[in-house]
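Visitor: structure, please.
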Amino acid sequence: MTRKLYFLLSVVFIAAFVLSACAKPAATEAPVATEAAATEAVATEAAAEPVTITWWHISTKDPALSDWQKMADDYMAAHPNVTIEITVLENEAFKTKLTTVMQSGEVPDIFQSWGQGGMIEQVNAGLLQDITPYLDANNGEWRNTLGALDAFAVDGKNYGVPWDMGAVTFWYNKDLFAQAGIETTPATWTEFLADCEKLKAAGITPISVGEGDKWPGMHIWAYLVSRIGGAEAFAAAAASGDARTGSFEDEAFVQAGYELKKLVDGGYFQEGFLGATHDQMQAAFGNGEAAMELGGQWSPSVEAANSADLVGVKNLGMFTFPAVEGGKGLATDIVGGGNGFAIGVNAEPEAIDFVKYLTSVDNQKVIAASNTGIPVAKGAGEALTDPNMVLVSEAVANSTYYQLYFDQVLPSAMGGIINDAVQKIFAGTATPEEVCAEIEAGFLAQ
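Guide: Next up, the predicted model:
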């Protein structure tokens with residue numbers, strides 16, 4: 001991965017959010033990609049051939065679960081010949097099952113995707129469909145309504161589209177901060193560690209994390225790498241061929257491990273954090289059992305859905321990852337990404353039409369209003385009502401550097417290597433040097 005890609009993605013993301021307030025809503029009818037597709041899709045609904053669409057997503061909790069179902073129901077009501085079969089899977093179960101069906105050549109028509117690394121592998125295996133003609137049809141009618149499309153493109157061709165793009169940030173319980181006597185959010189890593197001590201002294205668990213799923217904790221390490229090494233560190237290590245000027249054993253990666261170790265050694269995570277899933281991490285935070293969690297734009301709705309009262313933290317706040325003193329990274333640098341839909345190689349035109357419907361301005365406003373995510377359809381951002389979600393949107397729009405999730409921007413096998421290795425810091429079974437050497441060896445073996 002080159003620095004050019006990160007720069008382009010940053011520009012695309014920023015442009016998407018800046019334009020969202022002023023762009024006009026687009027029509028929801030699907031474009032016709034080719035004359036052949038038109039022959040299949042243009043017949044009247046009464047005479048149209050029956051079509052079944054398979055759709056896999058990972059939104060296991062309301063409001064997203066019900067929102068997606070209603071959109072599917074509404075689409076089927078308007079298109080009587082279409083049947084949409086939805087499979088809902090928890091994040092890790094989804095990844096496992098998708099890998100299995102991909103190996104067999106059976107690909108869902110529409111499925112959850114984070115773009116980039118995993119998508120590149122799927123494209124190279126011939127498992128995804130190029131939907132570029134649909135995006136460009138009618139003078140780019142669909143393309144012009146969406147931002148962040150490059151994150152779901154391979155070699156200039158789109159094999160999916162995003163529906164949500166945001167940032168990983170710290171979410172915190174303002175009431176618990178007040179109980180610990182913390183009046184302002186930390187701007188530096190030293191201040192952050194001091195606040196963790198204050199919370200612990202007050203009998204409050206500082207941070208909830210789901211290390212049973214590995215990737216939630218990896219984001220802490222990734223942010224530390226970014227704050228310490230700046231934009232160059234990961235770009236130099238993750239590049240290929242002659243463009244590779246760095247290593248995962250460079251100082252920024254090792255030092256990030258030692259800073260992360262301070263959180264582990266300080267006892268700042270909830271009891272049982274090593275085996276906790278992402279949902280259990282969200283529940284601990286939502287039930288007031290921890291003061292902070294590092295999570296994406298989905299966190300407010302998910303922590304509420306997993307809390308005992310289904311309301312979650314009532315006095316919720318957000319702050320970006322603190323700056324590390326002496327580091328090359330800025331407090332305005334963002335680690336983030338989002339969610340999207342990939343299109344299976346054998347998907348019918350109706351499946352692509354349905355995805356266009358899902359990413360229409362009206363449906364993107366539903367996503368925004370329910371705090372499920374940060375919409376990418378231009379004009380839908382006005383529906384964001386939660387001030388914290390607005391802050392996330394602004395953090396992305398004003399970011400000085402945008403780093404896609406480490407485990408998603410790299411090939412899937414490499415993402416697993418990073419997650420597995422970093423977990424050893426949490427478990428105390430390997431030194432930061434050993435962890436970085438393991439990641440480097442894995443990268444060189446790809």
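Visitor: where does the chain have low pLDDT?
Guide: 1-47 (pLDDT under 70).
Visitor: go ahead and flag the most central residue of it.
Guide: Compute the mean C-alpha point of the chain, and by CA atoms, centre = their mean the closest residue is G338, 3.2 Å away.
Visitor: can you tell me, leaving aside adjacent residues, what's nearest to that residue?
Guide: M165 (3.6 Å; CB to CB, 6 or more residues apart in numbering). Where C-beta positions appear, they are placed from N, C-alpha and C, glycine not excepted.
Visitor: okay, now the sheet partners of the longest strand seen in the chain, with direction.
Guide: Using DSSP state E, we find that the single longest strand of the chain is strand 333-343. Its sheet considered, strand 333-343 pairs with strand 110-113 (antiparallel), strand 160-167 (antiparallel), strand 401-404 (parallel) by DSSP bridges.
Visitor: nearest to I374, of the ones you listed?
Guide: Across these, I374 has its closest neighbour in strand 160-167 (4.1 Å, CB to CB).
Visitor: all helices of the stretch 201-350 of the chain, in order?
Guide: Along the stretch 201-350 of the chain, counting by DSSP state H, counting those that start in this stretch, helices occupy 215-238, 251-265, 278-286, 299-305, 349-358.
Visitor: between those, which one is nearest to D407?
Guide: So among the helices of the stretch 201-350 of the chain, helix 215-238 is nearest, using CB to CB, at 5.7 Å.
Visitor: just checking, what packs against that closest one?
Guide: Identification of packing neighbours for helix 215-238 by 3 or more CB pairs under 8 Å, 6 or more residues apart in numbering; DSSP states H and E yields helix 3-19, helix 251-265, helix 278-286, strand 292-295, strand 333-343, strand 401-404, helix 406-409, helix 412-427.
Visitor: which one, of those, ends up nearest to M318?
Guide: strand 292-295 (9.8 Å).
Visitor: now the closest one, how far from the centre of its chain.
Guide: In terms of CA atoms, centre = their mean, to the nearest Å, the gap separating the centre of strand 292-295 from the centre of its chain is 14 Å.
Visitor: returning to that earlier point: how about the helices of the stretch 201-350 of the chain in TSV, adding mean neighbour count and distance to E325?
Guide: Shown next, in TSV, are these (neighbours: other CB atoms under 10 Å; distance: least, CB to CB, whole Å):
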stretch	mean neighbour count	distance to E325
helix 215-238	24	10
helix 251-265	19	11
helix 278-286	26	27
helix 299-305	24	27
helix 349-358	24	44
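Visitor: wait, which of the ones you listed is closest to E438?
Guide: helix 251-265 (11.2 Å).
Visitor: distance to A342 added to the helices of the stretch 201-350 of the chain, as TSV?
Guide: Shown next, in TSV, are the helices of the stretch 201-350 of the chain (distance: least, CB to CB, whole Å):
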stretch	distance to A342
helix 215-238	19
helix 251-265	30
helix 278-286	21
helix 299-305	22
helix 349-358	10
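Visitor: pretty sure A236 sits against T245.
Guide: Yes - assessed by CB atoms under 8 Å, A236 is found in contact with T245 at 4.6 Å.
Visitor: related to what we said a few turns ago, closest to G312 out of the helices and strands packed on helix 215-238?
Guide: Of all these, it is helix 278-286 that lies closest to G312, at 3.8 Å by CB to CB.
Visitor: not counting that closest one itself, show me its contacts.
Guide: 90-91, 171, 173, 205, 208-210, 212-213, 215-216, 270, 273, 276, 290, 292-293, 295, 299, 302-308, 312-313 (CB atoms under 8 Å, 6 or more residues apart in numbering).
Visitor: relative to helix 215-238, how tilted is it?
Guide: Following axes from the mean of the first three to the mean of the last three CA atoms, to 10 degrees, one obtains 110 degrees for the angle between helix 278-286 and helix 215-238.
Visitor: what's the offset of helix 278-286 from the middle of its chain?
Guide: 17 Å.
Visitor: I'd like to know how far T83 sits from E348.
Guide: 11 Å (CB to CB, to the nearest Å).
Visitor: now V390
Guide: 38 Å.
Visitor: between the two, which is the more surrounded one?
Guide: E348 (19 against 15; other CB atoms under 10 Å).
Visitor: right, and that one touches D109 too?
Guide: Yes - using CB under 8 Å, E348 is in contact with D109, at 7.2 Å.
Visitor: between those two, which contacts overlap?
Guide: Common contact partners of E348 and D109 (CB under 8 Å, 6+ apart): I53.
Visitor: ok so, going back, show me what contacts the residue nearest to the centre of the chain?
Guide: 114, 148, 151, 162-166, 297, 373-374, 376.
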